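Student: From the sequence below, what's the structure:
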Amino acid sequence: MNRRTRRAGFTLVELLAAMAILSLLVGLSLTLVSKSRATANENACQQQLRDIAGVLQLFVDNRNGGKFPRAAGPKLLLTPVKEGFISGEALKKFACPGTDDETFDPADVSKTIGSGLTDWDNINYDCISYAGRDLLTASVRKDKLDNEVLASDDNWFAGAGRPNHGDIVNIVFFDSHISIKKVADYKDSLPEGQDWLPVGPDSPDEDLKKLLFE
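Tutor: Numbers count the residues shown, from 1 in each chain. As a prediction, this is how the structure comes out:
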């Protein structure tokens, strides 16, 4: 009795189909990992902004007689650093996890945390990832702190638009609550091809207009 024998292994078509499915699965996996990492960075950034706002409020209450410093931009956020209210590892909070920013000055061979931020007269603004309120021109009311923006992602590095996060901007108010701006909501107000939201007087957003990144 003759029996048919089946050839072992895959045909070329079967092999190509298997490779296509494998490539699809790898692509989906990488996309999910990338989205998960981006979400984690956004959440970590939000917590850092809360911490920065909280430290500034503690400084104001305990060291500055209840008055906010007469400062603008990152210098407002860094006033507690200038006064020695915070130092060391805590200075890492000024570098957004969604960027490659480091708080040490590039010229610092020892790479000391915060070395780009502690020389008040020569702050390296590439060493801080956040823009701060311009209190010199946009003052705040102490009874309205829940409506007054304090800081946000700066979306800036070495003069080039480089967003902290892909399609959102994190902002924090003086009372430490967080809000999120979606870049897609401003597409009609941005130059053609620009996919990031600027911060500062030229921003299309009223909150972000009150901030400076240097």
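
Student: C-alpha from now on. contacts and neighbour counts both.
Tutor: Noted.

Student: Excluding chain neighbours, what is closest to Lys182?
Tutor: What sits nearest to Lys182 in space, not counting adjacent residues and going by CA to CA, 6 or more residues apart in numbering, is Ile168, at 4.5 Å.

Student: hang on, the one you found packs against Tyr186?
Tutor: No: using CA atoms under 8 Å, Ile168 and Tyr186 do not qualify as a contacting pair, with a distance of 10.8 Å.

Student: ok, those two, which is more surrounded?
Tutor: Each of Ile168 and Tyr186 has its neighbours counted (other CA atoms under 10 Å); Ile168 has more, 18 against 15.

Student: Can you find the helix or strand in the chain with the smallest mean pLDDT?
Tutor: Within the chain, confidence by mean pLDDT, DSSP states H and E is lowest for strand 160-161 among all helices and strands, at a mean of 74.

Student: what packs against that strand?
Tutor: Here strand 160-161 touches no other helix or strand, going by 3 or more CA pairs under 8 Å, 6 or more residues apart in numbering; DSSP states H and E.

Student: now what about that strand, what contacts it?
Tutor: Residues lying outside strand 160-161 but in contact with it, judged by CA atoms under 8 Å, 6 or more residues apart in numbering, are 155, 196, 198.

Student: Would you confirm that the second one belongs to a strand?
Tutor: No: according to DSSP: H, G, I helix; E, B strand; the rest coil, the state of Trp196 is coil, so it is not within a strand.

Student: now the strands: where do they sit in this structure?
Tutor: For the chain, the strands defined by DSSP state E cover 130-133, 149-153, 156-157, 160-161, 168-173, 178-182, 211-212.

Student: CSV for the ones you listed, including distance to Phe59?
Tutor: Converted to CSV, these look like this (distance: least, CA to CA, whole Å):
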stretch, distance to Phe59
strand 130-133, 16
strand 149-153, 15
strand 156-157, 27
strand 160-161, 32
strand 168-173, 16
strand 178-182, 20
strand 211-212, 20
